[in-house]
Every structure is written in structure tokens, then in C-alpha cells.
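Colleague: Pasted the sequence and its predicted model underneath.
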Amino acid sequence: MLWLPLSAWAVEDFVVVFKTQGNYQDVRDMLEIAIESKGLKITNTNMVANMLERTGEVVGSTKLLYTGGEQLNFCSATISRHMMDADPHAMVLCPYSISVYAMPNDKNVYLAYRKPASTKNPALKKSLMEVEALLVEIIKDVL
């Protein structure tokens, strides 16, 4: 597997994407290990690529978008508590997720996360910065 230096870019304001070259399943498995090594429990795995492939014909689109693609959901009790102490409505920001995916005719495997919401609440902003730091740390562990 070839690991590229850590590089990230914002494709849009809502997402940060990292890329590496290698085998999709290896990168996906390393993501799971990286999350669990932080003492976090994966609460759900969304099989996004499988769902899109399975439902494509029904919705009139059979284009193969991904050769593998999952979204792993998890939470940190500590960071989530800080977030919800700052604003109880922040419950909607849990769980956190990191997507891992590969696309046809592309040797890269991508890891991506949603940018945390912007807020004017200083305490919530601090907690959201903690969430983003955790997501980047996990992805760095993979790469």
C-alpha cells in the first residue's frame, strides 16, 4: 500500500477530504481500528455504496459511483457532553462520522468528514473544534 503525505482539502464548505492510495478494504479496516483505538465505539456503519448500487435502477441511475463506500458513525461521550452542556440542541450533531470510499478508475481511497456547523456560541464553537480535531486525529492515524 502506498501512503501519501497527509493532504486535505475542502471540496465544498461542508466537507474535508483526505486521500491516499491503496486497497479500499485495507484503508476501511484501518479506519475502524483508528476509531476503536481512541476508545470509541462504532455505533453504525452505513453501506452507502451498496445502497446506491442496489437502488440505482429504481431511481433511474445505474452509473457506478463507488467501488467501495461506507460511513462509520461514532461518538465521544466527553466531547458530546461538552457540546450539549454548551447547547442542548447540539444533540443533532451526534454521532460523528467519517466516510471512506473509492471510485472507479481512480487509484485513490478517500476519507472525508462533514465540517462542523458554525455557531456564535463560544462554548459550542470550542466543542465543535474538539470534534474536528478528533476527526482529523483519527484520519491521521489511518494515513
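Modeller: Here it is on my side, so go on.
Colleague: Please name the bridge partners of the most centrally placed residue in the chain.
Modeller: Closest to where the C-alpha atoms of the chain average out (C-alpha atoms, centre = their mean) is Ile98, at 1.2 Å. Beta-bridge partners recorded for Ile98 (DSSP bridges): Leu72.
Colleague: okay, and for the chain, where does confidence drop off?
Modeller: Residues of the chain that meet the criterion pLDDT under 70 lie in 1-11.
Colleague: ok, back up a step: does the residue nearest to the centre of the chain really touch Glu70, like I thought?
Modeller: No: the pair Ile98 / Glu70 is not scored as a contact, 9.4 Å apart, by C-beta atoms under 8 Å. Heads up, the C-betas are built off the backbone N, CA and C, glycines and all.
Colleague: list the contacts for the residue nearest to the centre of the chain?
Modeller: Leu31, Ile35, Gln71, Leu72, Leu111, Ala112, Tyr113, Leu135, Ile138, Ile139 (C-beta atoms under 8 Å, 6 or more residues apart in numbering).
Colleague: In helices only, show me these.
Modeller: Of these, the ones assigned to helices by DSSP state H are Leu31, Ile35, Leu135, Ile138, Ile139.
Colleague: Could you identify the most distant pair in those residues?
Modeller: Greatest spatial distance among the ones in helices among the contacts of Ile98 (C-beta to C-beta): Leu31 and Leu135, at 11.0 Å.
Colleague: what about the helices in this structure?
Modeller: All helices of the chain, identified by DSSP H, fall at 24-37, 48-59, 77-86, 122-142.
Colleague: Tabulate those (CSV), appending distance to Lys107 and mean neighbour count.
Modeller: Formatted as CSV, these follow (distance: least, C-beta to C-beta, whole Å; neighbours: other C-beta atoms under 10 Å):
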stretch, distance to Lys107, mean neighbour count
helix 24-37, 11, 17
helix 48-59, 17, 13
helix 77-86, 34, 16
helix 122-142, 17, 17
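Colleague: Cool, thanks, talk later.
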